[in-house]
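Asks: my questions concern the predicted model and sequence given below.
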Amino acid sequence: MNHKLRRKKSKYQSILKNDLHIESGDNPTKNIMLCNYGLVNGFGRSHVTQLFSQYGLVENITMLPFKSYCFVSYSNVQEAKNAFDKINGNTSDVQNQRPLYLIYTDSVPKTTVLLPNFPPGLEIIDHFITDEQEAVLLEFFNENWTDSSSMKNRQVIHYGYEFDYDNNGVKFNSYCDPIPKEFEFIINAIKLRLNWYPNQITINRYLPGQGIPSHIDTCGIFDGYIISLSLGSNIVMDYKNDNDLCSVLLKSKSLLIMSGESRNDWKHGITPRKFDVVNTIDGPDIVYRKTRISITFRRVVLYEDTIKDKQNLYHILGCDPMSSYETLKKSYRKLLLQLHPDKCDSQSAAKMCADLNKAWNVLKDSKLKKSYDEQLEQNNMDSQVTLFESLHVRDLEKNEANDTLYYNCRCGGIFSLPESEVVNESFLKPLLIPCDDCSLFVEINFP
């Protein structure tokens, strides 16, 4: 044995004895330690199998997370000796950057399992969409991606609102394409599960080796959910707070839901690298990344004075609730040009422009527009009715004869609500119910 190999052997024998409590020696055994290649430097089970199986039957491969060494066990000592003599000190087609160093061991350590430890409020739904649905979405992105969306470490597209990376918010004063109809089936599935729908979407495209720095999505601008759908590739996302660090595998077609502590208190990010260490049925292994697209859903918080009828959004655009989407869009663009600083010297132009963008950001989104129209109608009713009392739905009594909920009016009449509406609908705001015998109304509040 030459001097270099002897020095390497001594170094790795020390690791075995002190860190792993395993003895090694000069006599051949059926167990071999590959000393300078392991999961941490991208050497996985497939590499071990390719390299060592040509010299005999490999009974077991032991990979250790975060280590640059691994272990191979043959069915007998002679096969191990054949591999040792051929590989030790030589380069390989599998990893030809530097020589591979081997030593015999009396035993091997136990396989370590990477236990998932999710932050509170984190949920992952595997197979949230089908293979066919994923293929449709990937084809949509192939046809609609533009080079102008490139960033330093990934490519992005925004819908609904453009994300403001300087302030970790959104750009209320700039035009952004509405959410495409191709995403409706995802949004509907999310709404059925969470009774929540987004009004802002960010698309990220990551090439192998790209990532995103650790961050917490801004609270206040965005509400309590951050949701992301992964397409095209598995990837590991890292979560950390002041005391803990955990890595979470996001599989292709899976939906990530962050709320509560995981959304507000834990930073999340993707380390820029070309492979990840994951659990498999055989133990820890590496998975090489492919091109991945993530669809991140957020809901921008729109302030109450924007949604409520303090200033009619249709009037701002010079339209009415019966106007078509194209009419609203044409009017918005026309007024935006008129209010541009190069064409308008008015001191109030900036505020008018901001009001115009806020109105458009609501009315361009079919979900928000529907919600605003309902609020507008409710506000009109509020101004025309006399409210008798504000109640919770639990305050109503049940009429078993006709399956209704009711409340007695002071005139002797009743306020009646079909029970089927309460069962089948998830009311997000109060509902006005008229008396069947006078002009009074009650306001019913729902959970």
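Replies: Done, it's in.
Asks: who's in contact with residue 390?
Replies: Residues counted as contacts of residue 390 (C-beta atoms under 8 Å, 6 or more residues apart in numbering) are 430, 442-443, 445. (Glycine included, C-beta is placed from N, CA and C.)
Asks: quick one: contacts for residue 437?
Replies: 409, 411-414 are the contacts of residue 437 under C-beta under 8 Å, 6+ apart.
Asks: what do you get if the cut-off is 7 Å, keeping everything else the same?
Replies: Neighbouring residues of residue 437 by C-beta atoms under 7 Å, 6 or more residues apart in numbering: 409, 411-413.
Asks: buried subset of the contacts of residue 390 as a ChimeraX selection?
Replies: To isolate the buried subset of the contacts of residue 390 in ChimeraX, counting by 16 or more other C-beta atoms under 10 Å, use the following:
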select :430,442,443
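Asks: nearest to residue 259, of the contacts of residue 390?
Replies: residue 445 (23.5 Å; C-beta to C-beta).
Asks: against residue 395, how distant is the closest one?
Replies: 9 Å (C-beta to C-beta, to the nearest Å).
Asks: which helix is the longest one in the protein?
Replies: helix 366-382 (DSSP state H).
Asks: would you mind listing the buried residues in it?
Replies: Neighbour-count burial for helix 366-382 flags 367-369, 371-372, 376, 378 (criterion: 16+ other C-beta under 10 Å).
Asks: dump these to CSV, plus distance to residue 435.
Replies: Formatted as CSV, the buried residues of helix 366-382 follow (distance: C-beta to C-beta, whole Å):
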residue, distance to residue 435
367, 33
368, 33
369, 32
371, 27
372, 28
376, 24
378, 18
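Asks: mind listing the helices for the stretch 101-250 of the chain?
Replies: 131-144, 184-194 (DSSP state H, counting those that start in this stretch).
Asks: please identify which of those is closest to residue 33.
Replies: helix 131-144 (40.7 Å).
Asks: buried residues in the closest one?
Replies: Quick answer for helix 131-144 (16+ other C-beta under 10 Å): 133-134, 137, 141.
Asks: tilt between that helix and helix 184-194?
Replies: 130 degrees (axes from the mean of the first three to the mean of the last three C-alpha atoms, to 10 degrees).
Asks: show me what helix 131-144 is packed against.
Replies: If you count contacts as 3 or more C-beta pairs under 7 Å, 6 or more residues apart in numbering; DSSP states H and E, helix 131-144 packs onto strand 226-231.
Asks: partners of the strand it packs on in the sheet?
Replies: Strand 226-231 has these partner strands in its sheet, going by DSSP bridges: strand 255-258 (antiparallel), strand 292-298 (antiparallel).
Asks: what's the average pLDDT for stretch 77-97?
Replies: Averaging pLDDT along stretch 77-97 yields 85.
Asks: quick check: mean pLDDT of the host helix or strand of residue 287?
Replies: Using DSSP states H and E, residue 287 sits within strand 283-288. On average, the pLDDT along strand 283-288 is 86.
Asks: and residue 444, bridged to which residues?
Replies: Residue 444 has these beta-bridge partners by DSSP bridges: residue 391, residue 431.
Asks: quick check: it touching residue 415?
Replies: No - between residue 444 and residue 415 there is no contact under C-beta atoms under 7 Å: 8.2 Å.
Asks: who touches both of the two?
Replies: In contact with both residue 444 and residue 415: residue 433, using C-beta under 7 Å, 6+ apart.
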